[in-house]
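Peer 1: Quick check, what structure comes out for this input:
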Amino acid sequence: MDNQCTTLETGVSGCCCNTDACLSPTRIPGRKLWCYVGLIAKKAGVNVGAEVACNGMCSSLSGTVNGDDVVTFQCVPNKVCKTFMNTDGCATLKGDREITGCCCRDSDSCNVKQLNRTDIILPTPSPVSEYPISCWTGIYVNGVPYSDAGFTTCFGDCASVTLSTMINKQNHTATMYMCDPTSVCRALNMTNQCSTVEPGVSGCCCNTDGCLNPNSNAYPGNPLVCYVGVYYEKDNYSVGSEMPCNGQCASLQTTFGGKMLKTYHCAPTQVCKQIADNGCSKIYKDSDVLGCCCNTANNCNVKEKINTNNTVPAFTGTPIACQSGIYVDGAAITNDNAFIACKGQCAKLSYATNLTGVAHTLDLYTCDPASVCSGLGLSNSCSSIDGTNVSGCCCNSDGCVTPSISPTPSTGSGAALTTFTVIIAAVYTLLRQ
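Peer 2: Next up, the predicted model:
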């Protein structure tokens, strides 16, 4: 009965589950909770929303903004609701008493019923998107985290709604970071941009991993910036540049001849979740390599005294599809080793390590903004880096370097089939841009 219900014999049945409030008279394991997600602002004539499947609780934030009755509806993780109430119900937000937060989980779209809203017609749930993204979720009051915020899986767009109020002639803001159905963002004209719904009510929507994050001040039009390059402590050798990043800033570090060698990257959020989300850890199956990820500030992956102010020239070509992921001794250690859209060159870095007496080869497949590849003198070729056991490959066509393909052009039907598959992946990744 692990996270499910079972009939033991005629007349005897039972259920077990391992998440908060997963069993109640109205909720059983395997039955999804549906929540209404949207925004209503009467004077502005805004009333948009949709129902989504929710793994947490249905929630709402309501208040009077610039004389208008404004309510946002959302699905939030359980930990967000636990911040301002222990059970289902409503409470004013500490620091902004003009805003009331409510949470519930006793029935589908209970966040609408909880406020006795009769002016909202619940629509038919939209089909779930096949590919999820990671979005920051939490409540901030006056720019300070009010709840235990963090990333959550989103089948839609990352979104934020900010309500500005005034108490005793002092301005206050309450911002909800969440996952919104794509249809809601589109209806509010916020697709990959920020806009003002009416004075005191503003929001943003975007459709890539971590594209809205108050920690790194990332929002549409102002993405996280990461340094991408190589540093070798032996002779202070370095090459690289900054680039906008839709994931997290990352680094891989090892030692050669007693000196540190470190490479810097922009990594997809799903890769960092398996390495170290805002932290560092030894790479699984290759403890000679230390992997780190962060999104707390621009270039947060750089601790060494190197110049990070080299900006990559504006990209003017056509993006290509590149393999993304980490492999050790030929076996994938990251789950989602998908193709990503790349505005530069496809790249591969190989670490041959033997510090612990056991030989390993770690291969990182990624996108290079072209500055590192050009700095290393690599173009559709491979070479060792500064005489170390780290080598790199760069190439400039769809899927030109993968676990089964090197930058040297391949021939034959097998190569043609692989190229066809990569082109399909490229079409999808480019459509997500």
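Peer 1: could you point out which element follows the one helix or strand Ala91 maps to?
Peer 2: Using DSSP states H and E, Ala91 sits within strand 89-93. Counting by DSSP H and E, the element after strand 89-93 in chain order, helix or strand, is strand 96-104.
Peer 1: Enumerate the positions of that following strand that are buried.
Peer 2: Asp96, Glu98, Ile99, Thr100, Gly101, Cys102, Cys103, Cys104 (16 or more other Cβ atoms under 10 Å). C-beta coordinates here come from the backbone N, C-alpha and C atoms, glycine included.
Peer 1: In the sheet, which residues pair with the third one? Tell me.
Peer 2: According to DSSP bridges, the partner residues bridging Ile99 are Gly63.
Peer 1: Which pLDDT value goes with it?
Peer 2: You'll see Ile99 listed with a pLDDT of 86.
Peer 1: OK, contacts around it?
Peer 2: Taking Cβ atoms under 8 Å, 6 or more residues apart in numbering, we find Ile99 in contact with Leu61, Ser62, Gly63, Thr92, Leu93, Val141, Leu163, Thr165, His172, Ala174.
Peer 1: what does the fifth one give?
Peer 2: Contacts were defined as Cβ under 8 Å, 6+ apart; by that measure Gly101 touches Ser59, Ser60, Leu61, Phe84, Met85, Cys90, Ala91, Thr92, Leu93, Ile139.
Peer 1: repeat that for 7 Å
Peer 2: Contacts for Gly101 (Cβ atoms under 7 Å, 6 or more residues apart in numbering) come out as Ser59, Leu61, Phe84, Cys90, Ala91, Leu93, Ile139.
Peer 1: If Tyr264 is in a bridge, with which residues?
Peer 2: According to DSSP bridges, the residues that bridge with Tyr264 are Gly229, Ser251.
Peer 1: what about it, neighbour count?
Peer 2: Each residue near Tyr264 was counted by other Cβ atoms under 10 Å, and the total is 27.
Peer 1: which SS state does the nearest residue to Ala297 once chain neighbours are set aside fall under?
Peer 2: Among residues not flanking Ala297 along the chain, Ser216 sits closest, at 5.9 Å (Cβ to Cβ, 6 or more residues apart in numbering). Judged by DSSP: H, G, I helix; E, B strand; the rest coil, the three-state class of Ser216 is coil.
Peer 1: And the pLDDT for Ser216?
Peer 2: Note for Ser216: predicted pLDDT of 78.
Peer 1: Quick check: it touching Leu224?
Peer 2: Yes: assessed by Cβ atoms under 7 Å, Ser216 is found in contact with Leu224 at 4.7 Å.
Peer 1: Those two: who's more crowded?
Peer 2: Each of Ser216 and Leu224 has its neighbours counted (other Cβ under 10 Å); Leu224 has more, 27 against 23.
Peer 1: Would you confirm that the more buried one contacts Cys245?
Peer 2: Yes: assessed by Cβ under 7 Å, Leu224 is found in contact with Cys245 at 4.8 Å.
Peer 1: Out of the contacts of Gly101, which two sit at the greatest distance?
Peer 2: Maximum pairwise distance among these (Cβ to Cβ): 13.7 Å, between Cys90 and Ile139.
Peer 1: And those two? Which one has more around it.
Peer 2: Using other Cβ under 10 Å as the criterion, Cys90 and Ile139 rank with Ile139 on top: 26 against 15.
Peer 1: What residues are recorded as beta-bridge partners of the more buried one?
Peer 2: Counting by DSSP bridges, Ile139 is bridged to Met176.
Peer 1: For Gly11, see how far away it is.
Peer 2: Applying Cβ to Cβ, to the nearest Å, one obtains 46 Å for the distance of Ile139 from Gly11.
Peer 1: Could you do Thr311 as well?
Peer 2: Distance from Thr311 to Gly11, counting by Cβ to Cβ: 71 Å.
Peer 1: per-residue confidence at Ser109?
Peer 2: Looking at Ser109, its pLDDT is 92.
Peer 1: Correction: the previous question concerned Cys394.
Peer 2: On the pLDDT scale, Cys394 is placed at 92.
Peer 1: which other helices and strands contact whichever helix or strand it is part of?
Peer 2: Using DSSP H and E, Cys394 maps to strand 390-395. Under the contact definition 3 or more Cβ pairs under 7 Å, 6 or more residues apart in numbering; DSSP states H and E, strand 390-395 sits against strand 345-353, strand 381-384.
Peer 1: List the buried residues for the last one?
Peer 2: Looking back up the chat, that one is strand 381-384. Cys382.
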